[in-house]
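>>> Here's my sequence, what's the structure:
(2 chains)
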Amino acid sequence: MRNRITLLVETALNKACAAQELITSTLPIITLGHPAKPEHGDFSCNIAMLLSKSERKAPRLVAEIILKYLGAGSGLLLKTDIAGPGFINFFVSLSAWQATLLEIEKGGENFGKTTAGSGKKVQVEFVSANPTGPLHIGHGRGAAIGDTLCRILDAAGWDVTREFYYNDAGVQISNLALSVQMRCLGVDTDDPRWPEGGYQGDYIKDVAKAYLAKESVVASDQHTTASGDPEDLENIRSFSVAWLRREQDLDLDAFDVKFDVYTLESSLYSEGRVDSVVQKLIANGHAYEQDNALWLRSTDFGDDKDRVMRKADGSYTYFVPDVAYHQSKWERGFTRVINEQGSDHHSTVTRVRAGLQALDAGIPKDWPEYVLHQMVTVMRGGEEVKISKRAGSYVTLRELIDEVGRDATRFFFLMRKPDAQMVFDIDLAKQQTNENPVYYVQYAHARICSIFDNAAEKGFVAPLTPELSTLECLSTDEDMKMIKLLTALPDTIDDCAIHFEPHRLTYYLSELASCFHSFYNKNRVISEDRKLTEARLYLLKRTAQTIKNALSLLGISAPERM
RNA sequence: GCGCUCGUAGCUCAGUUGGAUAGAGCAACGGCCUUCUAAGCCGUAGGUCGCACGUUCGAGUCGUGCCGGGCGUACCA
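This next block holds a predicted model:
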């Protein structure tokens, strides 16, 4: 509905310009708002006030000109108003609102989807946890946000590729292999032989045990068998990585998060991408030698200091394969790439972009885009749980899913916008009381389904594609409020996709559920009035569909009974 | 020190790319189940939008400077 009115305004502006009644050369973007008060209509537009200066006319005069060229939208609009300092208010006709229910029915499980992305390719990288331990609560937030963002972008008409990047090379993986080796040899963490920076979590013992038992591991695209030899560090390394990747795969599966592509850091080395990037940077004159190290002059591209690429010991720092990795994304044709990461990685943003600029490959300065989520503070027993991966003290995603449930965990993570810090109170989430808003939304769906069961017993069914006269029964304020909210799902999805903010959908759902619960308490759906009963059943059928569609975008189930 | 980010009701948070009289949940108080699920509904109360300037028709939203919390500022990832 919002898009249809935006189109009307756009057409009117173009006509007015063609008739030279408007003289502004570059028109601003048309945005429609939802007025707070009903007497201000269904939508309002501030375009006249924005044009006022360049037109050198009072806003209300500009509004009059626009309205002169605005058609009635073939029955869409009841009336338009100029109000306040120069708002144009739009009043949509009852019949146009009622007719939107037919569109929802036609859309079915696809209702809500839009064509905003025009099928263009976008790649989203998220989670990308190091295979050095189980996924923790912070990864959970990243997984929920990234996965939902993918679902939303897909619904908004984008061709989405989901990707997971494994750092299976480098110092941390060496630490992992050494830690497992020490456990194989029975060395404890307080032993002087225990490696500096080793991983102390209990799961390391499990890996060591499996290694000594010569187990085989199949993870997403790896198959590894342990030799059981504690001296074979290379075998320990590949086995440990495979073992932990399998654990992560299981966690993600339990969270209903899937990926299309897995890229291994080690493959960037083996395919020569890392070397070729370094050669390119040297050839482009952006690198120099100093203190036995090779540096990138990243200060040429907005960084606050130059960065080491090749360390004194000859190995590369993490950000070189990062640049090589992103070069590969670019070469795969992704002109749009979104990286969802924890905000503790935000220093990489400037560096990776600087490295890509230094390649002189025509990559835009602000590519790739980033969604950085803030840290999650975990509360348990009224105290903050300190997260330390190496000490092995943290809350795992698996624990959370087992204790709180997948639906509640996802909803909880998705309630806050990514760049706000959040507190995850495990005790509170475990209580499964009405304090958890996911139940509120799911309950609305279950309640509606229950009404259908009840109606069926009494011989009522929601009609398929009802007569207009049936839809006309839906004309009370509560009816209209419901219809308007249902219609807003596609707009909400577009907004989420534009701003990379899935939390808007959770707020939409809460509002829709609230609207329904209120409706339920005020109106009896099944009554003596057959026509009214059928009209309301039809409305609730569309409501249930809308709730289910929106929940499915969050990866949350819509139970029929609770 | 510098960079990013947050600061809105007692608590947890929204606020639709600058709009009309700042919202919701929880907690508190008061009502509503012989009728479609009370995991619900209705009502009351609760605010100097961290502080101060600035930009303009108009600022919780944008800019600058302070104050306070978080993260980063590695030849870790």
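>>> CA atoms for contacts and neighbours, from now on please.
Fine.
>>> now the stretch 451-562 of chain A, which segments are flagged as low pLDDT?
The model of the stretch 451-562 of chain A has no residue with pLDDT under 70.
>>> where does it come near RNA strand B, residue by residue?
Residues of the stretch 451-562 of chain A lying close to RNA strand B by CA under 7 Å from any atom of the strand are A:451-455, A:495, A:504, A:507, A:514, A:517-518, A:520-526, A:560-562.
>>> what comes into contact with the lengthiest helix in chain A?
Longest helix of chain A, by residue count under DSSP state H: helix A:530-553. For helix A:530-553, the external contacting residues (CA atoms under 8 Å, 6 or more residues apart in numbering) are A:101, A:104-105, A:108-112, A:148, A:151-152, A:441, A:445, A:448-449, A:452, A:460-464, A:466, A:470-471, A:473-474, A:482-483, A:486, A:489, A:505, A:509, A:512, A:525-527, A:557-558.
>>> among these, which ones are buried?
Applying 16 or more other CA atoms under 10 Å to the contacts of helix A:530-553, the neighbour count classes A:101, A:104-105, A:111-112, A:148, A:151-152, A:441, A:445, A:448-449, A:452, A:460-462, A:470-471, A:473-474, A:482-483, A:486, A:489, A:505, A:509, A:512, A:525-526, A:558 as buried.
>>> give me the element A:Gly217 is part of.
If you look again at residue A:217, you'll see it is Val, not Gly. strand A:216-219 (DSSP states H and E).
>>> The following helix or strand past that strand packs against which elements?
Moving toward the C-terminus from strand A:216-219, the next helix or strand (DSSP H and E) is strand A:222-225. The contact analysis (3 or more CA pairs under 8 Å, 6 or more residues apart in numbering; DSSP states H and E) places strand A:222-225 against strand A:216-219, helix A:233-254.
>>> Check the burial of A:Ala283 by counting its neighbours.
Under the neighbour criterion other CA atoms under 10 Å, A:Ala283 is assigned a count of 11.
>>> and if you look at A:Thr161?
17.
>>> which residues does it bridge with?
With DSSP bridges as the criterion, A:Thr161 is bridged to A:Gln123.
>>> Could you double-check that it lies in contact with A:Lys329?
No - assessed by CA atoms under 8 Å, A:Thr161 is found out of contact with A:Lys329, at 10.8 Å.
>>> In contact with the spatially most central residue of chain A: list those residues for me.
Compute the mean C-alpha point of chain A, and by CA atoms, centre = their mean the closest residue is A:Leu149, 2.2 Å away. Contacts for A:Leu149 (CA under 8 Å, 6+ apart) come out as A:497, A:500-502.
>>> wait, which of those residues is closest to A:Gly355?
For those, the minimum distance to A:Gly355 (CA to CA) is 24.8 Å, reached by A:Phe500.
>>> Chain neighbours aside, what residue packs nearest to the closest one?
Leaving aside its chain neighbours, A:Phe500 sits nearest to A:Leu149 (6.6 Å; criterion: CA to CA, 6 or more residues apart in numbering).
>>> Does A:Ala312 belong to a helix, a strand or coil?
In three-state terms, and counting by DSSP: H, G, I helix; E, B strand; the rest coil, A:Ala312 is coil.
>>> before we move on, what about A:Gly186?
coil.
>>> and if you look at A:Phe411?
Secondary structure state of A:Phe411, per three-state DSSP, is helix.
>>> which one is it nearest to, not counting chain neighbours?
With CA to CA, 6+ apart, the residue lying closest to A:Phe411 is A:Val438, at 6.2 Å.
>>> Help me confirm that that neighbour comes into contact with A:Thr409.
No - here A:Val438 does not reach A:Thr409: they are 9.2 Å apart, not a contact under CA under 8 Å.
>>> Mind checking which of these two has more residues around it?
Counted by other CA under 10 Å, A:Val438 and A:Thr409 do not tie: A:Thr409 has more neighbours, with 26 against 22.
>>> Could you check which helix or strand contains the closest residue to that one other than its chain neighbours?
Spatial nearest neighbour of A:Thr409, chain neighbours left out: A:Ile401 (6.5 Å); criterion: CA to CA, 6+ apart. In the assignment (DSSP H and E), A:Ile401 maps to helix A:397-404.
>>> And the contacts of that helix?
Contacts for helix A:397-404 (CA under 8 Å, 6+ apart): A:134-137, A:139-140, A:251, A:254-255, A:409, A:426, A:429-430, A:432.
>>> Pick the one among those closest to RNA strand B.
Comparing those against RNA strand B with CA to the nearest atom of the strand picks out A:Gln432 as the nearest, at 6.1 Å.
>>> quick one, strands of the stretch 251-400 of chain A?
Secondary structure of the stretch 251-400 of chain A (DSSP state E, counting those that start in this stretch): strands at A:261-264, A:287-290, A:293-296, A:307-310, A:337-342, A:369-373, A:376-380, A:383-385.
>>> would you turn the ones you listed into CSV with mean pLDDT, distance to RNA strand B and mean neighbour count?
As requested, the strands of the stretch 251-400 of chain A are exported to CSV (pLDDT from 0 to 100; distance: least, CA to the nearest atom of the strand, whole Å; neighbours: other CA atoms under 10 Å):
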stretch, mean pLDDT, distance to RNA strand B, mean neighbour count
strand A:261-264, 93, 10, 15
strand A:287-290, 92, 7, 15
strand A:293-296, 93, 5, 20
strand A:307-310, 93, 5, 21
strand A:337-342, 94, 8, 22
strand A:369-373, 93, 8, 20
strand A:376-380, 81, 8, 17
strand A:383-385, 73, 12, 12
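>>> how about TSV for those strands, with distance to A:Arg416 added?
Shown next, in TSV, are those (distance: least, CA to CA, whole Å):
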stretch	distance to A:Arg416
strand A:261-264	28
strand A:287-290	42
strand A:293-296	37
strand A:307-310	34
strand A:337-342	14
strand A:369-373	10
strand A:376-380	11
strand A:383-385	19
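>>> ok so, going back, got the buried residues for whatever helix or strand the residue nearest to A:Phe411 lives in?
Assessed by DSSP H and E, A:Val438 sits inside helix A:437-457. Across helix A:437-457, burial judged by 16+ other CA under 10 Å covers A:437-449, A:452, A:455.
>>> residues from the stretch 251-400 of chain A in reach of RNA strand B?
Remark: the part of the stretch 251-400 of chain A in contact with RNA strand B comprises A:290-293, A:307-313, A:316-319, A:343-348, A:374-375, using CA under 7 Å from any atom of the strand.
>>> Can you select the buried ones from the residues you listed in PyMOL?
PyMOL command restricting these to the buried ones, with burial defined by 16+ other CA under 10 Å:
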select buried, chain A and resi 293+307+308+309+310+316+318+319+343+374+375
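>>> how much distance is there from stretch A:492-512 to the middle of the chain?
Counting by CA atoms, centre = their mean, to the nearest Å, stretch A:492-512 is centred 10 Å from the centre of its parent chain.
>>> List every C-alpha atom in that stretch, with coordinates, as CSV.
Output of stretch A:492-512 as CSV, limited to C-alpha atoms (Å, rounded to 0.1, in the frame of the first residue of the first chain):
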residue,chain,number,x,y,z
THR,A,492,8.5,-3.8,7.1
ILE,A,493,10.5,-6.4,5.2
ASP,A,494,11.8,-3.7,2.8
ASP,A,495,12.8,-1.5,5.8
CYS,A,496,14.6,-4.4,7.4
ALA,A,497,16.4,-5.2,4.2
ILE,A,498,17.4,-1.5,3.6
HIS,A,499,18.7,-0.9,7.2
PHE,A,500,20.0,-4.4,7.9
GLU,A,501,17.9,-4.4,11.0
PRO,A,502,16.0,-7.7,11.6
HIS,A,503,14.7,-6.4,15.0
ARG,A,504,12.1,-4.3,13.2
LEU,A,505,10.3,-7.6,12.3
THR,A,506,10.1,-8.7,15.9
TYR,A,507,8.5,-5.4,16.8
TYR,A,508,6.1,-5.7,13.9
LEU,A,509,5.1,-9.2,15.1
SER,A,510,4.6,-8.0,18.7
GLU,A,511,2.4,-5.2,17.5
LEU,A,512,0.4,-7.5,15.2
